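>>> The sequence and its predicted three-dimensional model are supplied below.
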Amino acid sequence: MPPSYSQPLPQDPHSYAGTSPARVSHLDLELTVDFATRSLTGRATWRLLADQLATELVLDTRDLSIEQVELFDGGGNSTPAAFSLGPADAVLGQALHVPLAPNTTAVRVSYHTSPTAAALQWLEPAQTAGTESFLFTQSQAILARTWLPCQDSPGIRFTYDATVRVPPHLLALMSAENPQTLDARGEYRFRMAQPIPAYLMALAVGDLRFAPLSGRTGIYAEHATLPTASHEFADLEKMVAAAEELYGPYRWERYDLLVLPPSFPFGGMENPRLTFVTPTILAGDRSLTSLVAHELAHSWSGNLVTNATWDDFWLNEGFTVYFERRIMEHLYGAEYADMLQVLGRAALQETIAEIGVASPDTHLHLALTGRDPDEGLTEIAYEKGCALLLTLESLVGRPRLDAFIKEYFARFSFQAMDTATFLHYLRAELLDQEQGLEARLNLAAWVEGPGLPPNAPPVASRRFEAVDQELGRLAAGEAPASLLPATAGWSSHEWVHFLHGLSDSLPAERVAELDAAFQFTNSGNAEILAAWFPRALRAGYAPADAALENFLRHVGRRKFLVPLYRALLATPDGLARARAVYAQSRPNYHSVATGTLDALLDART
């Protein structure tokens, strides 16, 4: 008999549901989407785990109007229930307390959302690629409770069925089995048979169409975006096959992508069966599709084995970044993956410098009690977590590490994992098999120590070395146009490395020469633009100003917005300019982005 690693999960400090004597097991959801009032009207019927001697159900809510609560017995009979809402917290919302009768098997909550529900973004036609309104959700980390009364903890999983009613000319999609054509009545039924945590609940409604890529993969997008997206993601089936070859079968049946309007605040969101992605990765040359590999990898690390609390977020993201780069190496070669490792390590070092090398927020295992868990969504979880696995790979070799990871995903499928349990498993199944291995890994320094431990393997890229040679020529005084033959065929990653390697003190005249040679300001590549604009701002290169402001007005991806607003604030008249642009742009941003930017700009008063 294999050893048991089960132990009580830690209390989730970001969910009232952790105090609930009753646990949910399945959701039957009915929703009506009203674009005129920007609200969802819903009935959420929660089936409870059987054999619970529970007298109360506690659900998480935030800014929901609770209209009625009913209790159901095993025969389907319902009775009205008393309920109460706890004190309101700006981050956590309110606990919904529902006393249970002894024979209660399910609880139905009738409710409607607020027009300002933090998870929901309602877009006007002008904010989309088409002529119709659009709605999408972003539930991670703890925003599911703003559109659904639920047990909003990553350690609590449930299956669900849903019926969603929308305007008949629009298509509705969820993180579930999805339609591929319009329903003339505007009524859609969904089923998610695999249990998921609440942060993976997702909904999108818009003028969307579907294009298949293989028997189990495809693309949803607005009409204008669909052809470009279908070309960009042509290798999607190859990615899924590569991931399965590495770490075992894909357990979610289909893997489709939904390309959202530009206001989506993240690069991607790993909603099961339907990854949401930003259109900013539509570069035309498939050079930014590592983001899709990342979201696909979450189908194992995160969706299949999930962090128990947001303090354990690194268990999702560290594994996923490592897995993403293994997929990209499998498809495009080691030299390609090396570029991603170098860019990732640079982002990690920048984050550590920004947070503070001694800060506990640079530990892998975080302490986020009393804070918004979004504060833990930094490069520490992603890149320091990946660096730990690279260190482990260097010590035990890829075959042993791959076998360990594959067995880890298989053994803990559809379960939550906290840091303590993972470390126990890591020691028992890998580290203890070789004397002195844990000491060489210096595990404690990685998980509970600050910064990047000194035994992290160095990362290097031959292709970036070639870029550095061109930077050297430029620094020696050669004209930018003389670099054109050597730079032909560079990927987005090489151009980003080039832009990051430019001197911070370049004068406007030199920046103008670079722009004339390489047309950075007119680039359609969001990664290149995001690396170019700060250099243009530092140099006072005015011809890039209009393009920068246009970018900020239309792109809502937080990864780009925060550094660009900071670069704008660092210029002589930056505060006034930043506030003027932000005033125009803010309606186009999701609350995930405005929460960060409001604080950034208010801090400069």
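Nice, I can see it.

>>> Return the helix or strand in the protein with minimum mean pLDDT.
Across the helices and strands of the chain, mean pLDDT, DSSP states H and E gives its lowest value to helix 591-602, namely a mean of 90.

>>> Tell me the buried residues in that one?
For helix 591-602, the buried set under the neighbour-count rule, 16 or more other CB atoms under 10 Å, comprises 591-597, 600-601. All C-beta atoms are positioned from the backbone trio N, CA, C, and that covers glycine.

>>> Over to stretch 39-55?
Using 16+ other CB under 10 Å, the residues of stretch 39-55 that count as buried are 39-48, 52, 54.

>>> Test my guess that Ser394 contacts Pro457.
Yes: if you go by CB atoms under 8 Å, Ser394 and Pro457 touch, sitting 4.9 Å apart.

>>> Need the worst-confidence member of the buried residues of stretch 39-55.
Looking at these, model confidence by pLDDT dips furthest at Gln52: 74.

>>> so which strand or helix has that residue?
Secondary structure here is read from DSSP states H and E; on that basis Gln52 sits in neither a helix nor a strand.

>>> now it: how far from Ala117?
Between Gln52 and Ala117 the distance is 30 Å, computed by CB to CB, to the nearest Å.

>>> Phi and psi next, for the residue nearest the centre of the chain.
Nearest to the geometric centre of the chain sits Met269, at 4.1 Å (CA atoms, centre = their mean). Backbone torsions of Met269, given as degrees, to the nearest 10, read phi -140, psi 130.

>>> Find me the pLDDT at it, would you?
97.

>>> I'd guessed Leu483 sits against Leu514; true?
No: taking CB under 8 Å as the definition, Leu483 is not a contact partner of Leu514, at 9.3 Å.

>>> returning to that earlier point: now the least confident helix or strand of the chain, how far from the centre of its chain.
18 Å (CA atoms, centre = their mean, to the nearest Å).

>>> what does stretch 391-399 give?
Counting by CA atoms, centre = their mean, stretch 391-399 comes out at 27 Å from the chain centroid.

>>> Number the chain from 46, please
With the count now opening at 46, the last piece we talked about shows up as stretch 436-444.

>>> what does that stretch contact?
The set of residues external to stretch 436-444 that reach it, using CB atoms under 8 Å, 6 or more residues apart in numbering, is 446, 449, 475, 479, 482, 485-486, 491, 498, 500-502.

>>> again, only this time at 6 Å
Stretch 436-444 is contacted by residues 446, 485, 500-502 when judged by CB atoms under 6 Å, 6 or more residues apart in numbering.

>>> and that stretch, which residues are buried?
Neighbour counts over stretch 436-444 (16+ other CB under 10 Å) mark 436-438, 440-441 as buried.

>>> how many other residues sit next to Asp252?
Asp252 sits with 21 neighbouring residues when counted by other CB atoms under 10 Å.

>>> Please disregard the earlier target; I meant Tyr427.
The burial metric for Tyr427, expressed as a neighbour count using other CB under 10 Å, is 24.

>>> from the buried residues of stretch 436-444, which is closest to Phe128?
Leu437 (48.5 Å; CB to CB).

>>> And the pLDDT for the closest one?
According to the model's per-residue confidence, Leu437 sits at a pLDDT of 98.

>>> quick one: it from Leu475, how far?
Taking CB to CB, one finds Leu437 at 8 Å from Leu475.

>>> now do Tyr586
Remark: distance between Tyr586 and Leu475 (CB to CB) = 52 Å.

>>> Same check on Ile264?
When CB to CB is applied, the distance between Ile264 and Leu475 equals 39 Å.

>>> again with Ala612
Here Ala612 is placed at a distance of 43 Å from Leu475 (CB to CB).

>>> try Phe128
Phe128 sits 48 Å away from Leu475, going by CB to CB.

>>> Who has more neighbours out of the two?
Leu475 (22 against 18).

>>> can you tell me which residues contact the more buried one?
If you count contacts by CB under 6 Å, 6+ apart, then Leu475 has Phe449 around it.

>>> Tell me the predicted confidence for it.
At Leu475, pLDDT is 97.

>>> is it true that Ala382 touches Arg370?
Yes: taking contact to mean CB atoms under 6 Å, the distance of 4.8 Å between Ala382 and Arg370 places them in contact.

>>> more crowded one of the two?
Arg370 (25 against 20).

>>> Compute the distance between that one and Ala412, please.
When CB to CB is applied, the distance between Arg370 and Ala412 equals 28 Å.

>>> now Val600, nearest residue through space, not along the chain?
Nearest non-adjacent residue to Val600, counting by CB to CB, 6 or more residues apart in numbering: Pro307, 5.0 Å away.

>>> about what we covered before: tabulate the buried residues of stretch 84-100 in a markdown table, adding columns for secondary structure and distance to Thr423.
Listed next are the buried residues of stretch 84-100 as a markdown table, based on DSSP: H, G, I helix; E, B strand; the rest coil; distance: CB to CB, whole Å:
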| residue | secondary structure | distance to Thr423 |
| --- | --- | --- |
| Ser84 | strand | 33 |
| Leu85 | strand | 31 |
| Thr86 | strand | 37 |
| Gly87 | strand | 33 |
| Arg88 | strand | 38 |
| Ala89 | strand | 33 |
| Thr90 | strand | 37 |
| Trp91 | strand | 33 |
| Arg92 | strand | 37 |
| Leu93 | strand | 37 |
| Gln97 | coil | 38 |
| Ala99 | coil | 37 |
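
>>> and Glu112, backbone torsions?
phi -100, psi -40.

>>> Could you list every helix and strand in contact with the helix or strand where His71 lies?
Counting by DSSP H and E, the secondary-structure element that holds His71 is strand 69-79. For strand 69-79, the contact count by 3 or more CB pairs under 6 Å, 6 or more residues apart in numbering; DSSP states H and E identifies strand 84-93, strand 202-210 as packing neighbours.

>>> chain center to that strand: distance?
Relative to the centre of its chain, strand 69-79 is centred 23 Å away, using CA atoms, centre = their mean.

>>> can you check stretch 272-289 too?
Centroid separation between stretch 272-289 and its chain, computed with CA atoms, centre = their mean, is 19 Å.

>>> Kindly report the same for stretch 334-352.
Per CA atoms, centre = their mean, the centroid offset for stretch 334-352 relative to its chain is 9 Å.

>>> and what of stretch 251-270?
Going by CA atoms, centre = their mean, where stretch 251-270 is centred and where its chain is centred differ by 20 Å.

>>> residues making contact with it?
Counting by CB under 6 Å, 6+ apart, 174-175, 177, 179, 215-216, 225, 271, 274-275, 278, 281-282, 299-304 sit against stretch 251-270.

>>> could you flag which of the residues you listed are buried?
For those, buried by 16+ other CB under 10 Å: 174-175, 177, 179, 215-216, 271, 274-275, 278, 281-282, 299-304.

>>> Of the residues you listed, which belong to helices?
Among the buried ones among the contacts of stretch 251-270, the members falling in helices (DSSP state H) are 271, 274-275, 281-282.

>>> Now render those residues as CSV, adding pLDDT and distance to Tyr427.
Putting these into CSV (pLDDT from 0 to 100; distance: CB to CB, whole Å) gives the following:
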residue, pLDDT, distance to Tyr427
Leu271, 97, 30
Ala274, 96, 25
Ser275, 96, 28
Leu281, 97, 22
Glu282, 97, 26
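
>>> Can you tell me which of the residues you listed is nearest Asn361?
Leu281 (21.5 Å).

>>> Excluding chain neighbours, what is closest to the closest one?
Nearest residue to Leu281, sequence neighbours excluded (CB to CB, 6+ apart): Thr262, at 4.5 Å.

>>> Also Ala581?
That would be Ala589: by CB to CB, 6+ apart, it lies 3.7 Å from Ala581.

>>> The one you found - that's part of a helix, no?
Yes: Ala589 forms part of a helix when assessed by DSSP: H, G, I helix; E, B strand; the rest coil.
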